[in-house]
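K.L.:
Build me a model:
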Amino acid sequence: AINKWDAVPSDGFEGQRAYTKEEYLTWLADRFPALEKFVPVVFTSAAERRNVQRLVPLAIKVHESRLKIIPTSILTRVVDEYTRENRPPRSKEGKQLNFLFAVQKSNNPPTFEVRFNDASLIRHEFKEGLEDMLRENFGFRGSPIRLNILGRKDK
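P.N.:
Here you go, the predicted model:
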């Protein structure tokens with residue numbers, strides 16, 4: 001919740017112009033990139049009781065997303081599609097990343113184990129994109145996700 005939105009003067013503070021809500025969200029996203037993907041934002045004014053009533057249903061929705069359980073067959077299919085579309089290039093030794101399977105190990109927060117032939121072939125950008133895809137496809141906005149990437153031989 002971004003509170004005290006009513007306290008922002010329409011002409012800004014001390015010679016600075018005022019931000020619109022969209023400009024403020026852009027400013028936040030520039031400084032906190034994960035915020036835009038991860039956290040639902042509500043502009044509120046407790047004094048004027050503006051949008052305060054939206055907070056409890058939103059908190060319930062976020063809590064429910066933490067409790068979701070994704071069937072292994074669906075999770076594996078979606079991660080396989082993501083891997084095929086975003087496969088990193090072969091390593092210098094000619095190794096190609098191959099997806100094996102994915103399973104949700106627990107919830108609250110959702111924790112996933114994703115297995116590949118060789119976890120050392122996974123780059124940060126690929127893992128981050130995989131997390132974003134899981135969040136978007138399965139509605140985990142507002143909930144942390146734990147993503148454990150393992151190789152074939154890892155325990």
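K.L.:
contacts, neighbours, all on C-alpha from now
P.N.:
OK.
K.L.:
and the longest strand that the chain contains, what other elements does it pack with?
P.N.:
Counting residues, the longest strand found in the chain (DSSP state E) is strand 99-106. Applying 3 or more C-alpha pairs under 8 Å, 6 or more residues apart in numbering; DSSP states H and E, one finds that strand 99-106 makes contact with helix 72-86, strand 111-116.
K.L.:
For those, give me JSON lines that also has mean neighbour count, mean pLDDT and distance to L147.
P.N.:
Formatted as JSON lines, the helices and strands packed on strand 99-106 follow (neighbours: other C-alpha atoms under 10 Å; pLDDT from 0 to 100; distance: least, C-alpha to C-alpha, whole Å):
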{"stretch": "helix 72-86", "mean neighbour count": "15", "mean pLDDT": "96", "distance to L147": "12"}
{"stretch": "strand 111-116", "mean neighbour count": "20", "mean pLDDT": "96", "distance to L147": "5"}
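K.L.:
So which of the ones you listed is nearest L130?
P.N.:
In terms of C-alpha to C-alpha, the element of the helices and strands packed on strand 99-106 nearest to L130 is helix 72-86, at 7.2 Å.
K.L.:
which secondary structure elements does that closest one contact?
P.N.:
Against helix 72-86 (3+ C-alpha pairs under 8 Å, 6+ apart) you get strand 99-106, helix 124-138.
K.L.:
how far off strand 99-106 does that helix point, in degrees?
P.N.:
Interaxial angle of helix 72-86 relative to strand 99-106 (axes from the mean of the first three to the mean of the last three C-alpha atoms, to 10 degrees): 130 degrees.
K.L.:
Assumed N148 was part of a helix.
P.N.:
No. Under DSSP: H, G, I helix; E, B strand; the rest coil, N148 falls outside any helix and is assigned strand.
K.L.:
Give me the pLDDT for it.
P.N.:
N148 is assigned a predicted lDDT (pLDDT) of 96.
K.L.:
Enumerate every residue touching the closest residue to it other than its chain neighbours.
P.N.:
Residue nearest to N148 in three dimensions, not counting chain neighbours: E113, with 4.8 Å by C-alpha to C-alpha, 6 or more residues apart in numbering. If you count contacts by C-alpha atoms under 8 Å, 6 or more residues apart in numbering, E113 has them with A102, V103, Q104, K105, L147, N148, I149, L150.
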